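1. predicted coordinates and the sequence they were generated for:
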Amino acid sequence: MKLKFALRTTASAAVLCGAASMAMAAEVEVLHWWTSGGEAAALNVLKEDLEGKGVTWQDMPVAGGSGVEAMTVLRARVTSGNPPTAVQMLGFDIKDWAAEGFLGDLSEVADAEGWDAVVPPALQEFSRYDGKWIAAPVNVHSTNWMWINKAALDAAGGEAPETWEDLIVVLDAMKANGIVPLAHGGQAWQDGTIFDSVVLGLGADFYRTAIIEQDPEALGSEMMVEAFKRMEVLRGYFDENFSGRDWNLASAMVINGEAGMQAMGDWAKGEFVKAEQVPGEDFLCIRFPGTQGHVLFNSDQFAMFDVSDEKREAQMMMASAVMDPSFQVAFNLVKGSVPARTDIPDTEFDMCGKKGMADLAEAAANGTLQGSMAHGHGASSNIKSAIFDVVTAHLNGEYSAEEAAEELVAAVEAAK
Amino acid sequence: MRDRFQEWVPRIVLAPSFAAVLIFVYGFILYTGWLSMTNSRMLPNNDFIGLANYTKLFGLKHWHIALTNLAIFGVLYIVISSVLGLFLAILLDQQIRNEGFIRTVYLYPMAISFIVTGVAWKWFLDPGIGLENTMHQWGWESFEFRWIKDRDFAIYTIVIAAIWQSSGYVMAMFLAGLRGVDNEIIKAAQVDGASGFLIYRRIIIPMMRPVFLSAFVVLTHLAIKSYDLVVAMTGGGPGRATEVPATFMYSYTFTRNQMGVGASSAIIMLIMVFSIVVPYLYSEIRHGEKQK
Amino acid sequence: MSHPAQENAINAGRLTRILIYTVLIFFVIYYLLPLWVMVSNSLKTLDEIRGGDMLAPPADITFEPWRQAWSQTQIGVEATGLKPYFLNSIIMVVPAVLLSTLLGALNGYVMTKWEFPGVNLIFGAMLLACFIPFQIVLIPMARILGMLGLAGTLGGLIMVHTVYGLGFTTLFFRNYYAAFPTELVRAAQIDGAGFFQVFRRILLPSSGPIIVVTIIWQFTNVWNDFLFGASFSGYSSTPITVALNNLVNSSTGVKEYNVHFAGAILAALPTLVVYIVSGRYFVRGLMAGAVKG
């Protein structure tokens, strides 16, 4: 019985392996979490481009909040000795996999195409390891944005807020007008996204020492207590039902005027555009008050795994195709993000996209481009989760601001 | 008389299954035990660090929340599902018209995974768009049902959804048990003048003992694996109010790069489960032996 | 249900019966609510969902979401809908269910009719295996599948599901066969029937009800599994739950809830059909012994 079963499964495995080796000449297997709607369609551009060059695309989509499930699947794949060719990855995950020695070397393509000169150094931090290129960046998202309903803002004075104090004035006015001032979804990563912006608003140096360098003194400082106090203030402008809400439902509240504004990364723009809203007329995109001139980014990259020689050629072709300006434009137009190369003209992008590209170039030049903690570019995932724990617990009333700062020091220490 | 070959056939037949369970269950448990004593982070490694992960684990507030939630969830879920299942089975056993239809309706939730029903439950319980909102639209302005948004009550909404999923299955098991009861016993009791209620309490329900065992096994199995349910409905929130050991273990092992701590939580979970289940199964298997 | 249930019934008055029906109907509503939410919203347009009452029936019924979910919506880079994944799931579920059921039947047969010392211990060990949380087996299982050359294949998935189904299938058959008269087995042996002959001629023909129960249980579990499907499937063997999750849980895409609900119901259809069609046999099967300890 058992034997027959074993025979049958080996036979089918052999068939599958056989089929695989025939196609091996040019195929890439890609693990990613752009699994539905527009972003999946955008990725199809890359697939078709590669197929035009004779490379077969084997799609391995695994959905789940910022790649959580995909990373689990990746562990299983790598443990079984069968890693995918390319994997969509964020920030510190790329570094971690590189440190384990599983990633390949793209330097050949990167040097030939001069990636060095066009990818901002802050991104290169995550695309290179020990000097070697290990990943091809697809886009740059920026997370310290606010999305404002224009009509609601006009009713609340019409001035887009530029400082924390301005923000409070506008939020109060919106509240007086009977709408939800701040649309928010209570999920750890959304709480973390706002927290990022609040901390950055208290100073770029403070963000660097506290979040990126995780200096215990900065984590427990008066400034951090202030950050938590500001979180409490913002919480006062949420509606009662915020917990567990998906971010796009919060965006919908802004779109239909039920809420005034939302602090969210640039992917939120897709929701507005899809609802036929025009930037500048129906909604506004501004930097989180107090963070103008600074950009918190996260970048989706395709990390390239160390694969057997016969697969490498296709892998290099894929890396090159990802960095191709036409793909970068086509993909990022859909995704709401901006291209990872700074040498691409902004003509096809809308007002918010243009602003995003200009901000990115400026921040890259001035050294004010920093990785977003909430999106895996400020700290490794164990630290990130520890910070999320405290931020979320505090936002839900488990700690006072002072306790939260203390807990933060302890939690980060424990996660190291 | 069996010959020597026939003597060995049963063992040979059982061997592959037993070997598979030995390797794929107990072997893996041992492996997890080893991992829990290593400094494994993103991937398994072999740096032995003794019991440090366990010390760390019990220092985490997160873990204490998860344990408390499992206790609340596990007890309420198992008890209510069993009682409700029995109750519905008794009602359905009273010559009900359309019994087939009702039974199917009670049973179908078990067929569907929570990836499917999670969103529907989330919507239904959400005060903004769900039941509360509907009641308000129907004119009952003061109606309030916002447990899923409340840190102290969110875990009970998980219980509600979990009971929804499996109580029908338990009902079917009890219904089968009730149909198996010998009518003569009941008739005799009726002749003695016992009331319906008394017959159930004194005679029929005690006869359901084996069904309680099966229900217990199935429900415990589901309670421990209550992972999709929590993820789909609350994602562990509000805050971390509905974190359970299964979600804790998953997040530490796979998303927080602390595989060692994740493994130690798995071991603690297994110890807890086995310490509840083993004595129970042991006594039941023994009990069955004696009856033979 | 042909079994004479009526004699168990309480001789109740009219009022009590009304009460009983009220309670039963209340629970019918409770059990149907989520399904109602899913079905009604899958027939609405996205605008109606955004603006409206979740519990209200659709104002204009549209089947477009269903068509999209089945054959047009984007799942990964390809706009194929759920259709191709459906087939993958069936190819995976059928052998896994049959294998684990057959092994369970043989195990149950050995444990009740060919007992040898230690057999109860083996039963206990297999039963306990039902309680292992699947998350902990991912990594070591991946390594073993890699070593066997089964990583990313349907064969690998079938093996995994068979192994982790054994505990329950063995439990079901053991309990069922325990009630089967051992004298019949002994009599057949005296007539010279061997191990497999007895199984095939004596036990198997009367195992119908328990086979139904086991198949329903296994079918549901394997069909609905997500964790193993996501971790151990390959490019061409992705099961439907993984595809559904890709459709529903994409993080930064626009959420088309009507399509999601339609897809969810489509993905659940086979198990629903199995329950509805075989529901009557299911209770009969349970009755025939699965619930006896």
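-> Cool, got the structure.

2. low-confidence stretches in chain C?
-> For chain C, applying pLDDT under 70 flags the ranges C:1-12, C:52, C:250-254, C:288-293.

3. tell me the domain boundaries of it?
-> Chain C breaks down into these domains under automatic domain parsing: C:6-62, C:83-290.

4. can you pull the contacts of residue A:168?
-> Contacts for residue A:168 (Cβ atoms under 8 Å, 6 or more residues apart in numbering or on different chains) come out as residue A:233. Where C-beta positions appear, they are placed from N, C-alpha and C, glycine not excepted.

5. what segments of the stretch 1-150 of chain C are helices?
-> With DSSP state H, counting those that start in this stretch as the criterion, the stretch 1-150 of chain C has helices at C:14-42, C:46-51, C:64-67, C:83-113, C:119-128, C:138-148.

6. could those go into JSON lines alongside mean neighbour count?
-> Shown next, in JSON lines, are the helices of the stretch 1-150 of chain C (neighbours: other Cβ atoms under 10 Å in any protein chain shown):
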{"stretch": "helix C:14-42", "mean neighbour count": "16"}
{"stretch": "helix C:46-51", "mean neighbour count": "15"}
{"stretch": "helix C:64-67", "mean neighbour count": "18"}
{"stretch": "helix C:83-113", "mean neighbour count": "22"}
{"stretch": "helix C:119-128", "mean neighbour count": "19"}
{"stretch": "helix C:138-148", "mean neighbour count": "21"}
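
7. reformat the domains of chain C as a markdown table; add distance to residue B:255.
-> Formatted as a markdown table, these follow (distance: least, Cβ to Cβ, whole Å):
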| stretch | distance to residue B:255 |
| --- | --- |
| domain C:6-62 | 28 |
| domain C:83-290 | 12 |
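
8. now for the ones you listed, which one comes closest to residue A:250?
-> domain C:83-290 (12.0 Å; Cβ to Cβ).

9. residue A:304: which element?
-> Secondary structure assignment for residue A:304, by DSSP states H and E: strand A:300-304.

10. identify all contacting residues around that strand.
-> Strand A:300-304 is touched from outside by A:30, A:32, A:85-90, A:93-94, A:97-98, A:103-104, A:106, A:126-127, A:134-139, A:141, A:315, A:318-319, A:322, A:337, A:340, with contacts defined as Cβ under 8 Å, 6+ apart.

11. repeat for stretch C:80-87
-> With contacts defined as Cβ under 8 Å, 6+ apart, stretch C:80-87 is touched by C:68-73, C:75, C:238-240, C:242-244, C:247, C:263, C:266-267.

12. those residues also near chain B: which ones?
-> Filtering the contacts of stretch C:80-87 for proximity to chain B (criterion: Cβ under 8 Å from any Cβ of the partner chain) leaves C:244, C:267.

13. hmm, which of the contacts of stretch C:80-87 are the buried ones?
-> The neighbour count (16 or more other Cβ atoms under 10 Å in any protein chain shown) marks C:68-70, C:73, C:75, C:238-240, C:242-244, C:247, C:263, C:266-267 as buried among the contacts of stretch C:80-87.

14. which one is residue A:155 nearest to, not counting chain neighbours?
-> Take residue A:155 and drop its neighbours on the chain: the residue closest to it by Cβ to Cβ, 6 or more residues apart in numbering or on different chains is residue A:177, 5.3 Å away.

15. what values do phi and psi take at residue 244?
-> Went with chain A since none was named. Main-chain dihedrals, residue A:244, degrees, to the nearest 10: phi 80, psi 0.

16. need the contact list for residue B:281.
-> B:217, C:124, C:127-128.

17. pick out the residue of the stretch 51-200 of chain C closest to chain B.
-> Nearest residue of the stretch 51-200 of chain C to chain B, counting by Cβ to the nearest Cβ: residue C:114, 3.7 Å away.

18. distance-wise, check that residue relative to residue C:196.
-> For residue C:114, the distance to residue C:196 equals 11 Å [Cβ to Cβ, to the nearest Å].

19. ok, stretch C:259-279 near chain A or not?
-> No: Stretch C:259-279 stays clear of chain A (Cβ under 8 Å from any Cβ), getting no nearer than 9.0 Å.

20. run the chain-centre distance for that stretch.
-> Centroid separation between stretch C:259-279 and its chain, computed with Cα atoms, centre = their mean, to the nearest Å, is 11 Å.

21. now do the buried residues in that stretch.
-> C:259-268, C:270-271, C:274-276, C:278-279.

22. okay, residue B:276: pLDDT?
-> You'll see residue B:276 listed with a pLDDT of 79.

23. got the contact list for the closest residue to residue A:90 other than its chain neighbours?
-> Excluding its sequence neighbours, the residue lying closest to residue A:90 (Cβ to Cβ, 6+ apart) is residue A:376, at 3.8 Å. Neighbouring residues of residue A:376 by Cβ under 8 Å, 6+ apart: A:66, A:90-93, A:298, A:384.

24. tell me which element the closest residue to the residue of the stretch 51-200 of chain C closest to chain B other than its chain neighbours falls in.
-> In space, and not counting its chain neighbours, residue C:114 is closest to residue B:10: 3.7 Å by Cβ to Cβ, 6+ apart. Assigned by DSSP H and E, residue B:10 belongs to helix B:4-21.

25. from residue B:93, how far off is the nearest residue to residue C:50 once chain neighbours are set aside?
-> Closest residue to residue C:50 apart from its sequence neighbours, by Cβ to Cβ, 6+ apart: residue A:252 at 6.4 Å. For residue A:252, the distance to residue B:93 (Cβ to Cβ) stands at 48 Å.

26. one more: residue A:406?
-> Distance from residue A:406 to residue B:93, counting by Cβ to Cβ: 59 Å.
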